[in-house]
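>>> here is a sequence with its predicted model. Questions after.
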Amino acid sequence: MKPGSLNPARLFFGPIFQMEVRTAGRRTSTYVFRFLFAGLVVFFFAVFLVGNWSSLGMQTSSVARLQQVQSLAPELATAIVWTQYPALLLLAPIIAGPALCDERRHRTLPALLTTPLTSWEIVLGKLSGRLTQALVLAAISVPVMLGARLLGGVSAEGILAASIVTAVSVIQIAALALLVSARSSRATAAASSAFVAFLFINFAPTLGVTLYNEWIAKDLALQPLSFAWMFRTSLPISLGAITVEHFAGQFLGAGPMTTWGWSSIYGGVVTILVVFTAGWRLRAAMRSDPDSVLLLRKVKPRRRRRRDAATGRPADPATPEALATSANTEPAPGLVEQSRASREVSDYPVFWREWRIGIFRRRRSMVYTFVGLVAIFTLVYLNADMTDAAIQYIVAEVGLTIMLLQAVFGSTGLIPHEREARTIDVLLTTPLKPRSIVFGKLAGAMRRLWLAPVCMMLHFLIVSLTGFVRPHILFILPLVMLPAALMLLGTGMLAGVLFRRPITAAVANLSVPISLYAVVPMMMALLQAQIWGWNDDSFERALTAILSIHPFAMVAVSVEGLSLYSWSQTRSSDPITFNMPFGEMQAVTYVIVEVIAGAIQIAIGLLAAGLAARWLPTREGRPN
């Protein structure tokens with residue numbers, strides 16, 4: 001990097017930053033996101049205020065009224081912090097992921113080489129420009145929390161610490177998205193990879209400390225490590241500690257540096273390294289781009305595998321002799337027959353193409369993934385107590401989360417990518433019907449979800465054969481998980497048809513599970529407790545109906561009802577019951593409820609895919 005380019009104003013607020021901010025300011029979606037986010041924060045504040053207003057008027061003593069107001073402020077601050085934190089962690093990589101992917105897809109990346117900008121100036125300009133949108137969303141809730149502090153019960157240090165940890169987390173995950181975007185060609189893949197990398201960076205040290213203390217230190221009689229390392233190396237855990245100590249009023253006995261200071265420094269150092277690596281990878285990608293080679297003439301020539309038979313030197317494949325040789329060479333008959341057989345696509349070419357696309361692009365990635373999974377499960381089986389309920393819950397919920405994230409991002413970019421490659425017009429001019437195109441892509445996306453459920457089913461097959469879980473779980477879990485995945489795939493296809501940019505479609509599809517699985521149950525609980533005043537029976541009936549289509553809740557209920565733990569003295573001959581909010585359900589009733597809930601989710605997914613097939617020609621300017 002040149003010494004003159006170390007000016008912070010040039011690095012962070014140069015021409016790339018100005019372009020990103022102006023481009024974002026001209027998009028309607030920017031203001032829609034801000035309006036919806038601000039409306040969500042104000043709605044939380046209004047629900048808490050209206051719900052407690054009547055109870056405040058019933059208090060005759062000013063002291064009791066003040067105590068109730070002070071107990072309201074920490075609840076409000078906790079709800080706002082833990083509503084905006086996961087939302088920002090999901091939005092930040094979605095916003096930053098397309099930063100470099102769009103440049104490569106629009107073939108403007110080589111043009112950046114003609115400017116005096118260095119690769120790090122491009123990366124930092126992109127990062128600061130994209131982060132402006134995310135940090136504006138993060139700053140929306142600060143006035144509300146400061147207003148809650150006026151009510152009492154919330155410290156200024158807690159608000160400051162929560163804001164710093166949130167900002168560092170957002171910057172770190174956006175930098176990771178930019179790093180992946182330097183090599184990736186799809187924004188959705190960059191966003192999902194950045195989210196996985198963020199979880200690994202912030203929870204791998206904690207997992208390592210826990211495994212060392214539980215398995216290595218005990219067996220070898222070594223000194224265990226302090227659990228303060230969990231706070232120092234994990235931003236989400238630090239935010240949880242801030243919530244407990246400053247909002248819930250439970251003193252942890254650790255100073256501010258241990259609680260959130262060191263984790264913020266750790267996150268900042270990791271972010272700096274990620275940005276430096278992103279700049280290096282961008283420069284390598286720019287120099288290896290075919291269009292960039294014509295501009296720079298600085299890339300080393302590729303290795304030539306063929307050699308001249310006369311001289312023994314590598315032959316130039318572009319020479320007339322080499323082209324004539326390759327043209328006159330006849331392929332082997334077996335290869336011709338194999339090629340002809342492999343090109344049989346039947347009457348559904350889109351389905352044939354999508355079905356053949358694997359989850360792994362390289363065989364090396366597949367080998368690494370399987371070796372890692374085998375190593376992780378082997379360590380768990382050898383060292384963990386399988387009678388512990390946490391093991392079964394973690395495996396089920398983690399597998400479900402991975403599968404649903406794949407469903408959310410796996411279908412939203414299928415139509416937009418065809419549109420950006422200008423091949424959607426070709427498909428629509430063929431005799432293929434739009435329904436064949438949409439449902440062929442939907443089937444291929446469904447097939448690519450196999451890894452997480454297969455690993456989870458193999459785990460529960462093993463634990464059911466060893467007597468820790470009833471074998472019925474091998475039927476119940478797919479009944480709960482697969483309809484939710486199909487519904488999100490269908491809504492993703494619809495979002496891909498309605499929105500031209502894949503990242504906008506991904507945000508729209510991501511709002512579906514967030515609304516169904518987080519916002520609706522939370523709003524229902526708040527309204528029941530604060531405003532409506534339902535009786536317990538009516539509320540439990542409504543909550544049971546809502547949770548029946550909630551895969552995370554139903555997976556937990558299924559694992560709890562089908563587990564055989566030694567501490568619970570449960571026998572395999574005992575009747576199977578499932579604990580629902582309205583009461584215990586017998587196995588037959590529970591299966592009927594889940595079949596109905598699954599049918600509703602499948603119908604929603606198929607309806608969304610059908611609407612996508614119907615509106616696809618119209619959205620592409622080719623009405624029937």
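Received, thanks.
>>> for the rest of this, base every contact and every neighbour count on C-alpha atoms.
OK.
>>> neighbours of the residue nearest to residue 424 when sequence neighbours are not counted, just the number please.
Nearest non-adjacent residue to residue 424, counting by Cα to Cα, 6 or more residues apart in numbering: residue 418, 5.1 Å away. A total of 14 residues lie near residue 418 under the criterion other Cα atoms under 10 Å.
>>> my read is residue 418 is in a helix, agree?
Yes - under DSSP: H, G, I helix; E, B strand; the rest coil, residue 418 sits within a helix.
>>> that one and residue 426, how far apart?
Going from residue 418 to residue 426 by Cα to Cα, to the nearest Å gives 10 Å.
>>> residue ranges for the strands of this structure, please.
577-580, 583-586 (DSSP state E).
>>> okay, these in a markdown table with mean neighbour count next?
Formatted as a markdown table, the strands of the chain follow (neighbours: other Cα atoms under 10 Å):
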| stretch | mean neighbour count |
| --- | --- |
| strand 577-580 | 18 |
| strand 583-586 | 14 |
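>>> rebuild those strands as a markdown table, extending it with distance to residue 127 and mean pLDDT.
Compiled in a markdown table, the strands of the chain are given as follows (distance: least, Cα to Cα, whole Å; pLDDT from 0 to 100):
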| stretch | distance to residue 127 | mean pLDDT |
| --- | --- | --- |
| strand 577-580 | 46 | 82 |
| strand 583-586 | 51 | 81 |
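>>> out of those, which gets nearest to residue 125?
strand 577-580 (51.1 Å; Cα to Cα).
>>> the closest one packs against which elements?
Judged by 3 or more Cα pairs under 8 Å, 6 or more residues apart in numbering; DSSP states H and E, strand 577-580 is in contact with helix 551-561, strand 583-586, helix 587-619.
>>> restrict stretch 18-28 to CA atoms and write it as CSV.
What follows is stretch 18-28, C-alpha atoms only, in CSV (Å, rounded to 0.1, in the frame of the first residue of the first chain):
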residue,chain,number,x,y,z
GLN,A,18,-19.5,8.4,-2.0
MET,A,19,-20.7,6.2,-4.9
GLU,A,20,-22.1,3.6,-2.4
VAL,A,21,-23.9,6.2,-0.3
ARG,A,22,-25.4,8.0,-3.3
THR,A,23,-26.5,4.7,-4.9
ALA,A,24,-28.1,3.5,-1.6
GLY,A,25,-29.8,6.9,-1.2
ARG,A,26,-31.5,6.6,-4.6
ARG,A,27,-33.0,3.1,-3.8
THR,A,28,-36.5,2.9,-2.4
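>>> that one: which residues count as buried?
18, 20, 21, 24 (16 or more other Cα atoms under 10 Å).
>>> other residues contacting that stretch?
With contact meaning Cα atoms under 8 Å, 6 or more residues apart in numbering, stretch 18-28 is reached by 30, 126, 129, 130, 132.
>>> pretty sure the fourth one is touching residue 98, no?
No - using Cα atoms under 8 Å, residue 130 and residue 98 do not qualify as a contacting pair, with a distance of 9.7 Å.
>>> of those two, who's got more company?
When neighbours are counted by other Cα under 10 Å, residue 130 and residue 98 differ, and residue 98 comes out ahead with 29 against 26.
>>> okay, that one: pLDDT?
In this model, residue 98 is scored at 83, pLDDT.
>>> with residue 37 instead?
Model confidence at residue 37 (pLDDT) stands at 77.
>>> against residue 124, how distant is it?
26 Å.
>>> neighbour count for the two, which is higher?
residue 124 (25 against 19).
>>> count of residues packed around residue 472?
There are 14 residues near residue 472, going by other Cα under 10 Å.
>>> next: residue 170.
Residue 170: 25 neighbours (other Cα under 10 Å).
>>> what does residue 402 give?
The burial count for residue 402: 16, using other Cα under 10 Å.
>>> how close does the closest residue to it other than its chain neighbours get to residue 23?
Distance criterion Cα to Cα, 6+ apart; nearest residue to residue 402, sequence neighbours excluded, is residue 452 at 6.5 Å. Distance, residue 452 to residue 23, using Cα to Cα: 38 Å.
>>> same thing with residue 253?
48 Å.
>>> ok, now which ones touch the residue nearest to residue 402?
With Cα under 8 Å, 6+ apart, residue 452 has these contacts: 399, 400, 402, 403.
>>> closest one to residue 447 among the helices and strands packed on strand 577-580?
helix 587-619 (15.4 Å).
>>> just checking, what packs against that closest one?
helix 434-447, helix 473-498, strand 577-580.
>>> just want the angle from that helix to helix 551-561.
When axes from the mean of the first three to the mean of the last three Cα atoms, to 10 degrees is applied, the directions of helix 587-619 and helix 551-561 differ by 160 degrees.
>>> mind listing what's buried along helix 587-619?
Buried residues in helix 587-619 (16+ other Cα under 10 Å): 587, 590-591, 593-595, 597-617.
>>> and that helix, how far from the chain's centre?
23 Å (Cα atoms, centre = their mean, to the nearest Å).
>>> just stretch 351-360 next, same as before
22 Å.
>>> relative to residue 397, how far out is the residue lying closest to residue 198 once chain neighbours are set aside?
Leaving aside its sequence neighbours, residue 198 sits nearest to residue 173 (Cα to Cα, 6+ apart; 5.9 Å). To residue 397, residue 173 is 22 Å away according to Cα to Cα.
>>> residue 184 too?
Counting by Cα to Cα - residue 184 and residue 397 are separated by 28 Å.
>>> picking that back up, how about the strands of the chain, which one is nearest residue 282?
Taking the strands of the chain one by one with Cα to Cα, strand 577-580 is closest: 51.8 Å.
>>> okay, now the closest residue to residue 166 other than its chain neighbours: neighbour count?
Excluding the flanking residues, the one nearest residue 166 by Cα to Cα, 6+ apart is residue 85, at 6.5 Å. By other Cα under 10 Å, the residues close to residue 85 number 21.
>>> ok, residue 85 touching residue 165?
No - counting by Cα under 8 Å, no contact exists between residue 85 and residue 165, whose distance comes to 9.6 Å.
>>> now the longest helix seen in the chain: buried residues?
Across the chain, the longest stretch assigned as helix under DSSP state H is helix 62-96. Within helix 62-96, the residues that qualify as buried are 68-78, 80-81, 83-85, 88-96, counting by 16+ other Cα under 10 Å.
>>> same check, this time on stretch 28-45
Buried residues in stretch 28-45 (16+ other Cα under 10 Å): 33, 34, 37, 38, 40, 41, 42, 44, 45.
>>> against residue 72, how distant is the third one?
Using Cα to Cα, residue 37 is found at 22 Å from residue 72.
>>> dead centre of the chain: give me the residue that sits there.
Nearest residue to the geometric centre of the chain (Cα atoms, centre = their mean): residue 192, 4.8 Å.
>>> can you count the residues close to residue 385?
11.
>>> now swap in the one 4 residues further on and tell me
Residue crowding around residue 389 was assessed by other Cα under 10 Å; the count is 15.
>>> show me where pLDDT drops low in the stretch 501-624 of the chain?
525-537, 564-574, 623-624 (pLDDT under 70).
>>> rewinding a little: would you reformat the contacts of residue 452 as JSON lines and include distance to residue 375?
Shown next, in JSON lines, are those (distance: Cα to Cα, whole Å):
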{"residue": "399", "distance to residue 375": "17"}
{"residue": "400", "distance to residue 375": "20"}
{"residue": "402", "distance to residue 375": "19"}
{"residue": "403", "distance to residue 375": "21"}
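>>> the closest residue to residue 481 other than its chain neighbours - how many residues pack around it?
Distance criterion Cα to Cα, 6+ apart; nearest residue to residue 481, sequence neighbours excluded, is residue 551 at 6.1 Å. Other residues lying near residue 551 total 25 when counted by other Cα under 10 Å.
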